[in-house]
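> Show me the folded form of this:
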Amino acid sequence: MTAPRLSPTDFSFLAYEAAHGTVAAEIGALLQFDGSAPDVEELRTHVASRLALLPGLCWRLDRGRSRWRRPRWVECDAVNMRVHIRARRVGRGSGLAGLRAAIGEVLSHPLDQAAPPWQMWLVTGYADGEFTIVYKVHHALHDGVALADVVQSLFSRRWAARPGNVASAPAPSWVRRVARVLRGLASLTLDFARLAPRSPVNRPHSGRRTLVWCTAPTARLEAARSVVGSTLNDVYLAALADALHTVMAGTGERFPERLCALVPVSIRQPAERGSLGNRLAAVRVALPTTAGSAVHKLAAVTHATRRAKRHGQALAAAMVASAGRALPAILARGIAELTFNPRLVNLIASGIPGPKNALDLAGRALTAFYAINFAPADHGVSVTLMSYRDHVFVSFAGDAELPALAALPGHWLAALDRLQPKAGVTASA
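Below you'll find the model as predicted:
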């Protein structure tokens, strides 16, 4: 397989990281398994046996000499598993605190971009009968949907990236499509013309990354969505808005009536499933952070997302992203700078459809799958919902110095409870 040149979006993550010394443009996954922990050599052998399914994990960067040309991926002759897959044993019985401390250290450990830019850490010792694998990778190599495909290829017994759904609805006429794109562009322009407010969640990075998380049954979100006819993603965003209100109200600082969330939209086509690289567009969604019930916030978020869909914002953003693939390197540098500018967006809020089938490592069941996003400069936190089987797994990745970051998972779960207080299924941290 010929290794490709980086797309402008892929390259923009490298340029963004170089311009912001305390930002690591790295994403990944926190994978929790039941059972006795494998030896690190067993994990290395297992991953090596699956590399044929994931040729991108054998690529390293060749930056070249020209400022006008984007770097190219170059295939390595061999991948040194001892370098890429390492073990981290924490204090015996140290529990969740020990696991979180180890993950913070792993996330703050920079990737070697002279080698294929990914690492895997086997974390053990914090509890009996379970272990954690932390996979992290540079955002230039793949996005969140590709992340889910990588994990499925590594830990599925079927040894294959999940296929895309090739069935599609008839395409609208080109006149209607052009009209919808133009309407979407106008709507996007008007939305982004409104600056994001200043907020307590936007602050300079300390350089120390951390991750906190929670999980809930998908049935819990399904029950809540029926309140105002929302989607599962609307419920996730509304609970996030309510949680952020609770956190900001507790700081004693002035906080805005809304926060602007950047919500990525996958534009990956069925034929591209299993491939690496970034195939993303994004829309901006206002999260109401004023006092008021969580149900009212859900209604406001649902209205905002319906408006974005009705105006064709996602389609327009996808067209802009596709057109940007022709940009030279010197212009592509500005993509991430503009996208993540804290004057335009306060935080990233991603939702990723994960595997529906059970995954395992040699019979040890994967019980939790949390995505790890990166927090851009002056973004205190980035939030990601990953679905896996019959649960959703919500992670909050951010700066370790952000006050009340550790409390966000509990506030999100409490907001979910307020959205459907009579549901018979309970959420859990």
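
> Straight-line length of stretch 62-77, end to end?
This stretch, stretch 62-77, spans 14 Å end to end (Cα to Cα, to the nearest Å).

> typo on my end, stretch 262-281
First-to-last residue span, stretch 262-281, Cα to Cα: 10 Å.

> list the helices and strands the helix or strand harbouring residue 235 packs on?
Taking DSSP states H and E as the criterion, residue 235 maps to helix 232-249. Under the contact criterion of 3 or more Cβ pairs under 8 Å, 6 or more residues apart in numbering; DSSP states H and E, helix 232-249 touches helix 218-225, strand 258-266, strand 280-288, helix 294-310, strand 347-352, strand 381-388, strand 391-399, helix 408-419. Quick note: C-beta positions are derived from backbone N, CA and C, even for glycine.

> Report the angle between it and strand 381-388.
When axes from the mean of the first three to the mean of the last three Cα atoms, to 10 degrees is applied, the directions of helix 232-249 and strand 381-388 differ by 150 degrees.

> can you tell me the average pLDDT over helix 232-249?
Helix 232-249 shows a mean pLDDT of 94.

> So which residues of the stretch 101-250 of the chain form strands?
Ranges of strands within the stretch 101-250 of the chain are 118-124, 130-138, 209-217, based on DSSP state E, counting those that start in this stretch.

> Serialize those to a markdown table and add fields for distance to residue 80, mean neighbour count and mean pLDDT.
Putting the strands of the stretch 101-250 of the chain into a markdown table (distance: least, Cβ to Cβ, whole Å; neighbours: other Cβ atoms under 10 Å; pLDDT from 0 to 100) gives the following:
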| stretch | distance to residue 80 | mean neighbour count | mean pLDDT |
| --- | --- | --- | --- |
| strand 118-124 | 12 | 23 | 97 |
| strand 130-138 | 16 | 22 | 97 |
| strand 209-217 | 25 | 22 | 96 |
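
> So for residue 51, which of these sits nearest?
strand 118-124 (11.2 Å; Cβ to Cβ).

> Relative to the closest one, what are the paired strands and their orientations?
Using DSSP bridges, the strands paired with strand 118-124 are strand 85-89 (parallel), strand 130-138 (antiparallel).

> Any chance you could list what contacts the first one?
Outside of strand 85-89, the residues within contact range by Cβ atoms under 8 Å, 6 or more residues apart in numbering are 40, 43-44, 47, 102, 105-106, 119-125.

> Out of those, flag the one nearest to residue 373.
Nearest to residue 373 among the contacts of strand 85-89 is residue 106, at 15.1 Å by Cβ to Cβ.

> re the thing from before, what is the orientation angle of the helix holding residue 235 with helix 294-310?
Calculated by the same axes, to 10 degrees, helix 232-249 forms an angle of 130 degrees with helix 294-310.

> My read is that residue 80 contacts residue 115, right?
Yes - counting by Cβ atoms under 8 Å, residue 115 is a contact partner of residue 80 at 7.5 Å.

> Neighbour count for those two, which is higher?
Taking other Cβ atoms under 10 Å, residue 80 and residue 115 do not tie; residue 115 has more neighbours (16 against 11).

> tell me the contacts of the more buried one?
60, 76, 79, 80, 83, 84.

> And those, which is the shakiest by pLDDT?
pLDDT across the contacts of residue 115 is at its lowest for residue 76, which sits at 88.

> Please report phi then psi for it.
phi -80, psi 150 (degrees, to the nearest 10).

> Now render the strands of the stretch 101-250 of the chain as TSV, adding distance to residue 286.
Formatted as TSV, these follow (distance: least, Cβ to Cβ, whole Å):
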stretch	distance to residue 286
strand 118-124	35
strand 130-138	31
strand 209-217	24
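
> which one of the ones you listed lies closest to residue 96?
Closest approach to residue 96 among the strands of the stretch 101-250 of the chain (Cβ to Cβ): strand 209-217, 9.7 Å.

> Show me the contact partners of that closest one.
Under the contact criterion Cβ under 8 Å, 6+ apart, strand 209-217 has outside partners 24, 30, 100, 103-104, 107-108, 368, 370, 372, 375, 390-400, 405-406, 408-410, 412-413, 416, 425, 427-429.
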